[in-house]
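1. Got a sequence here, can you build the structure:
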Amino acid sequence: MLKLNEQVYDAIRRHGEETYPHECCGVLLGHSADGVNSVEDAVRAGNTRTDSAHNRYNIAPQELVKIQRQGRERGLDIVGFYHSHPDHPAQWSPTDFAEAHWLSCSYVITAVEKGIARQTNSFLLQGTTEEDKSFANEQIEVERIQAAPVEIAELEAERCR
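-> Predicted structure coming up:
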């Protein structure tokens, strides 16, 4: 299962809309325990593919290392990656599978149709080696962010004025 809050979920989808008609990409930072990848932050990455940016993505190794270091400084690990599929379903492609190497990580894909994020799916990369890896559909749980009690009280006071 992939758990993330609605702010992170919305940020991933918005990134896909902003880069349309090209693929966006990024890294998911958080914690992994008991079969659950819990995401605390989605870090945007540059798509270094200049030949086929509309249907391929690549994160430069030096950028990936930088994101990983920044995550570790915050006590977070890489638990997944995300990218968009402009005008294509939110399903992994043979290329996505061939280029997926982080076992036990979540691979999130958002379908962006005519500039609007429509569907977001996640796939867990299972296996113990490159030879036996496979993608499994992964449930996404989006947690709602609730306003702090102080904020609610302030909103109600503002409404009564």
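2. Residue 100: what's it in contact with?
-> 92, 107, 125, 133, 135 (C-beta atoms under 8 Å, 6 or more residues apart in numbering). All C-beta atoms are positioned from the backbone trio N, CA, C, and that covers glycine.
3. can you do 7 Å?
-> Residues near residue 100 by C-beta atoms under 7 Å, 6 or more residues apart in numbering: 107, 125.
4. can you check residue 32 too?
-> 77, 79, 104.
5. Let's see if you can find the most crowded of the residues you listed.
-> residue 79 (24 neighbours; other C-beta atoms under 10 Å).
6. where does the most centrally placed residue in the chain land on pLDDT?
-> By C-alpha atoms, centre = their mean, the chain has its centre lying nearest to residue 82, at 3.6 Å. pLDDT for residue 82: 98.
7. How much space separates it from residue 19?
-> With distances taken as C-beta to C-beta, to the nearest Å, residue 82 is found 12 Å from residue 19.
8. Same question for residue 112.
-> Going from residue 112 to residue 19 by C-beta to C-beta gives 8 Å.
9. Of the contacts of residue 32, which is the nearest to residue 44?
-> Among the contacts of residue 32, residue 79 lies closest to residue 44 (C-beta to C-beta), at 16.1 Å.
10. The closest one: what's its closest spatial neighbour, skipping adjacent residues?
-> For residue 79, the nearest residue in space outside its immediate sequence neighbours is residue 37; the separation is 4.1 Å by C-beta to C-beta, 6 or more residues apart in numbering.
11. What strand or helix carries the one you found?
-> strand 36-45 (DSSP states H and E).
12. and that strand, what other elements does it pack with?
-> strand 2-5, helix 6-19, strand 25-33, helix 61-73, strand 77-86 (3 or more C-beta pairs under 7 Å, 6 or more residues apart in numbering; DSSP states H and E).
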